[in-house]
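Chemist: Mind looking at a prediction? Sequence and model below.
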Amino acid sequence: MVKQTRAKNLMAIFHLRVSTVSRGADQSAIAAYCYRNGARAFDRYKNKIQDYRRRRRAVAGRFVVGWAGTKLELWQAADDSETNRDGGFRTRATVAREIQVSIPLELNEQQGAALVERFAAFLADRYGVGIDGAIHKSGGAAKRDRQPHCHLLMTTRRVSASGEFGEKTREWDDRKTGPEQVALVRATWAEMANKALADAGSAERIDHRSLRDQGIDRAPISIPRGALAVERGEGRATPEQRAQWRAAQAAAGLAAAPLPAPPLDTLPEPDQLSAVDQLKEERRAARQQAPSLPEPVPVRPAAQTPPARRQRPPRGPRR
């Protein structure tokens, strides 16, 4: 039986973001690889060890497309391709491009992994690049981010079948063709995700177009983080956050959905303090009971006599 990983009261959303990893912004390809994969490696450009093994728990899957070796070998080769004639690293080179997508919550882990791998294969075939994929799983109830997503780290140079790095993918950098590429990958991801949702038997669909292009005459809904946390069952909302929630619902022309109130037995009593709060109270009481010291009397520095001026010898008669 396949275990479903959908969250309660949440639905599929469209999210696709394109960004770059540039040395001009003090970024490194090895650091980006280690951070997204929870790995540890030596960064020759930074001349330091990048260690992000503490992030291993967030990584649910890893894959490589368009490259026959390991991920570390891919980014070491990408670093070596951005060098000067004298062998030094180009300090302003763009060494990687990232596409981050949100995986629909209606898909289980296997279906979500298959979807992002198909999308990565499309990118590798179209642009001829090597792609490092890292799937980050959704957090638990105490985590801030519960949306599973995938980081697709792409090389900025085309990679041949033999592993040689060639020309740059300038269609992404051009002011005219760059937005066209972004629009293309957004539409392709929406199409692939909707097909995966249909194959999984879900009626949910995502749309990469803006509300204006969809013909929907309303403003986008901005949900306060505290209200969203309450909807997810993760915390409590203040009266201000509840008012913002109702105002956002009313502006969108939707019915105001009530926010669930936390059960009374989960609220801490006033006299029940945590160990940290108790330590703070003890330190505050100790400071109040400590005797106050008299203020120091300012001492005026003694006047110093200036050194005696050196007398010049009298001049002799002129000749």
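Modeler: Looks like it came in fine.

Chemist: ok, which stretches of the chain are strands?
Modeler: 16-22, 40-43, 48-51, 59-65, 94-102, 131-136, 149-155, 157-159, 165-168 (DSSP state E).

Chemist: Give me the helices and strands touching the third one, please.
Modeler: The criterion is 3 or more Cβ pairs under 8 Å, 6 or more residues apart in numbering; DSSP states H and E, and the helices and strands that strand 48-51 contacts are helix 29-37, strand 40-43. Any C-beta I mention is one placed from the backbone N, CA and C, and that applies to glycine too.

Chemist: Include mean pLDDT when you put the ones you listed into JSON lines, please.
Modeler: Shown next, in JSON lines, are the helices and strands packed on strand 48-51 (pLDDT from 0 to 100):
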{"stretch": "helix 29-37", "mean pLDDT": "95"}
{"stretch": "strand 40-43", "mean pLDDT": "94"}
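
Chemist: With distance to F122 added, can I get the ones you listed in a markdown table?
Modeler: Output for those, formatted as a markdown table (distance: least, Cβ to Cβ, whole Å):
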| stretch | distance to F122 |
| --- | --- |
| helix 29-37 | 20 |
| strand 40-43 | 28 |
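
Chemist: now the ones you listed in TSV, with distance to H136 and mean neighbour count?
Modeler: Formatted as TSV, these follow (distance: least, Cβ to Cβ, whole Å; neighbours: other Cβ atoms under 10 Å):
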stretch	distance to H136	mean neighbour count
helix 29-37	8	23
strand 40-43	18	16
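
Chemist: contacting residues for I103?
Modeler: G112, L115, V116, I135, Q147, P148, H149, C150 (Cβ atoms under 8 Å, 6 or more residues apart in numbering).

Chemist: ok so, going back, to G66, which of the helices and strands packed on strand 48-51 lies closest?
Modeler: Judged by Cβ to Cβ, the one of the helices and strands packed on strand 48-51 that comes nearest to G66 is helix 29-37, at 15.0 Å.

Chemist: Can you name every helix or strand that the closest one contacts?
Modeler: Using 3+ Cβ pairs under 8 Å, 6+ apart: helix 29-37 touches strand 40-43, strand 48-51, strand 59-65, helix 71-81, strand 94-102, strand 131-136, strand 149-155.

Chemist: go with 7 Å
Modeler: strand 40-43, strand 48-51, helix 71-81, strand 94-102, strand 131-136, strand 149-155 (3 or more Cβ pairs under 7 Å, 6 or more residues apart in numbering; DSSP states H and E).

Chemist: got the CA positions of the second one in CSV?
Modeler: Included here for strand 48-51 are C-alpha records, laid out as CSV according to Å, rounded to 0.1, in the frame of the first residue of the first chain:
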residue,chain,number,x,y,z
LYS,A,48,37.0,25.9,2.4
ILE,A,49,34.9,22.9,3.4
GLN,A,50,31.1,23.3,2.9
ASP,A,51,29.3,21.2,5.5
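
Chemist: average model confidence for that strand?
Modeler: For strand 48-51, mean pLDDT rounds to 94.

Chemist: The third one now?
Modeler: Confidence for helix 71-81, expressed as mean pLDDT, is 94.

Chemist: Which single one of the contacts of I103 is nearest to F42?
Modeler: Nearest member of the contacts of I103 to F42, counting by Cβ to Cβ, is I135, at 25.2 Å.

Chemist: and V59, bridged to which residues?
Modeler: Beta-bridge pairing for V59 (DSSP bridges): H136.

Chemist: ok, it - contacts?
Modeler: The contact partners of V59, by Cβ atoms under 7 Å, 6 or more residues apart in numbering, come to N37, G38, A134, H136.

Chemist: Just the closest of these to L74, please.
Modeler: N37 (11.3 Å).

Chemist: Skipping its backbone neighbours, what lies nearest that closest one in space?
Modeler: Leaving out its chain neighbours, the residue that sits closest to N37 by Cβ to Cβ, 6 or more residues apart in numbering is A134, at 5.1 Å.

Chemist: For the one you found, the count of nearby residues, please.
Modeler: 24 (other Cβ atoms under 10 Å).

Chemist: Report how many residues lie close to the closest residue to E82 other than its chain neighbours.
Modeler: Spatially, and ignoring its direct neighbours in sequence, E82 is nearest to A93 (3.9 Å; Cβ to Cβ, 6+ apart). Residues near A93, counting by other Cβ under 10 Å, number 20.
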